[in-house]
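> Just the structure for this:
(2 chains)
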Amino acid sequence: MSDLEPLLLSCEVALLATCISSALGVALAGLLTLPRLWGRELIDAAITAPMVLPPTVLGYYLLVVLGRESALGRCFEALFGSPIVFSPLGAVIAATIGALPLITKAARAALESVDARLVGAARTLGAGPVRAFVSVSLPLARRGILAGVMLGFARALGDFGMTLMVAGNIPGRTRTASLAIYDAVLSGRDADATRLSLIMTAFAFAVLVGAGYLTRGRPNVF
Amino acid sequence: MSSELRLSARFRGERVTAGARFTFDVALDLGPGLNVLFGPSGSGKTTILSVLAGLLRPTEGRVTLAERTLFDAALGIDLPANARGVALVFQSLALFPHLDGLGNVSYGVPRSVPRRDRRDRALSWLRRMRVEHLAKRHPHSFSGGEAQRVALARALASEPAALLLDEPFSALDQRLAAELSDELTRHVEAMPLPVVLVTHDPALALRLGRTVTLLEAGRIVRVGLARDVFESG
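Okay, the predicted model is just below:
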């Protein structure tokens, strides 16, 4: 049974990518809510772009930046002995880029909906901007952020185009579930394609329902 | 007595809210004790408190507290809110909904107090405000008066050099407002710091204020003894 391997790989890649893009996304969202920030919408657009650009464009950019001929790629290969591209790490990076805008957007919206007076109160009580962010803004925005993280995870789980371009389609190494479905269809294994597709659909559905509960279920107060 | 804690401010600026532009131009010199800032809603009371607390930056002017300069546009000084030692109790109270009563008051206790003492310090403030029973409860379950007391305890726990109160009793019924304002007066008398209380309620202003600053449309129109200010108005 070869189903399990790509599914497990997909989960591993998506989990790692979600962790990275959550940390990055929340930090970026925090930055975007600073009262005096030059070029706020420009930064937001740059982070959002992966949502609307074709995966091939993004994959191509990643190849240019991380490929074996690039400075970054050469550095990495000299240090660790293997290239970033066509490795599980490449798949993680591709999934991270896919998840980042979803998480950043949700986190920004959640942070902006926190009552500014609460943050102001924290500041007048002696909290610096970082402490106010960590101890007041973050806990109060956690539902919205968590919903974004779940969406990001679902997105990371399903990445196809970028992963194919950056990480390739190497069985056992970079062949995630979405790539395995593509393979199955190409080689006429319809039953495999159906099974994997149904599993992925059920998973995505569960995640979306969970995220919906988090954003609309109860008010942002315990 | 050592050097007096005076809060002096002279500033002007504007604030744009919901498309409307509001300009303010204010000069205040407030000594220790209760100072009442009176004006109708929309006269800029909250704006002034925000400037004093460091949450809103005026375009020009200067704010000093005792010997410290909190803001000076000409010198480019603008101490952040957390470094001013000015506690502000919002009209909405702004209690942290995710923290219990003790957590809220502990938040105010200065970081210079060792961690193990912060809790005791916070508890003693809750006790002083007679709301010790709220230590383990969250703000959504507080009554109006209880929330007011916790907010005051939190502000005082931060050991401020000045205390700003925005319409502190507006959400309470008259009896409770009277009771709390008497209590507040007692607390304030024991502390040598300037307390600025903002209200649109003339009865409260008369009750509390020895001196009243009358505000209209972002400008101070009169300063004086409460009785005189309201009589000539």
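
> how about the nearest residue to the residue most central in space within chain A, chain neighbours excluded?
In chain A, the residue lying closest to the centroid (CA atoms, centre = their mean) is A:A99, at 2.1 Å. Sequence neighbours aside, A:G152 is the residue nearest to A:A99 in space, at 3.5 Å (criterion: CB to CB, 6 or more residues apart in numbering or on different chains). Where C-beta positions appear, they are placed from N, C-alpha and C, glycine not excepted.

> so the one you found is in which element?
helix A:138-157 (DSSP states H and E).

> quick one on the thing from earlier: is it true that the residue nearest to A:A99 touches A:L100?
Yes: between A:G152 and A:L100 there is a contact at 7.3 Å, judged by CB atoms under 8 Å.

> Need the overlap of contacts for the two.
Overlap of the contact sets of A:G152 and A:L100 (by CB atoms under 8 Å, 6 or more residues apart in numbering or on different chains) consists of A:S21, A:G25.

> Neighbour count: these two, which is higher?
More crowded of A:G152 and A:L100, by other CB atoms under 10 Å in any protein chain shown: A:G152, with 30 against 24.

> list the buried ones in stretch B:71-86?
Within stretch B:71-86, the residues that qualify as buried by neighbour count (16 or more other CB atoms under 10 Å in any protein chain shown) are B:F71, B:D72, B:A73, B:L79, B:A81, B:N82, B:R84, B:G85, B:V86.

> measure the closest residue to the fourth one other than its chain neighbours to chain A for me?
What sits nearest to B:L79 in space, not counting adjacent residues and going by CB to CB, 6+ apart, is B:L70, at 4.9 Å. For B:L70, the distance to chain A under the criterion CB to the nearest CB, to the nearest Å works out to 12 Å.

> Now do the SS call for B:L70.
Recorded secondary structure, B:L70: strand (DSSP: H, G, I helix; E, B strand; the rest coil).

> list the helices and strands the longest helix along chain B packs on?
Determined from DSSP state H, the single longest helix within chain B is helix B:174-189. Judged by 3 or more CB pairs under 8 Å, 6 or more residues apart in numbering or on different chains; DSSP states H and E, helix B:174-189 is in contact with strand B:33-38, helix B:144-157, helix B:202-208.

> buried sites along the second one?
The reference is to helix B:144-157. Neighbour-count burial for helix B:144-157 flags B:144-157 (criterion: 16+ other CB under 10 Å).

> Can you narrow the residues you listed down to the ones near chain A?
B:R154, B:A155 (CB under 8 Å from any CB of the partner chain).

> Contacts for the lowest-mean-pLDDT helix or strand in chain B next, please.
Lowest mean confidence among the helices and strands of chain B (mean pLDDT, DSSP states H and E): helix B:226-232, at a mean of 76. Applying CB under 8 Å, 6+ apart, the contact partners of helix B:226-232 are B:V36, B:F38, B:P202, B:A205, B:L206, B:G209, B:R210, B:T211, B:V212, B:L214, B:R222, B:V223.

> Alpha carbons of that helix, as CSV, please.
Output of helix B:226-232 as CSV, limited to C-alpha atoms (Å, rounded to 0.1, in the frame of the first residue of the first chain):
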residue,chain,number,x,y,z
ALA,B,226,-15.9,74.9,41.3
ARG,B,227,-18.7,77.2,42.6
ASP,B,228,-17.3,80.3,40.8
VAL,B,229,-16.8,78.5,37.6
PHE,B,230,-20.3,77.2,37.4
GLU,B,231,-21.9,80.4,38.7
SER,B,232,-20.4,82.7,36.1
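
> This completes my enquiry, with thanks.
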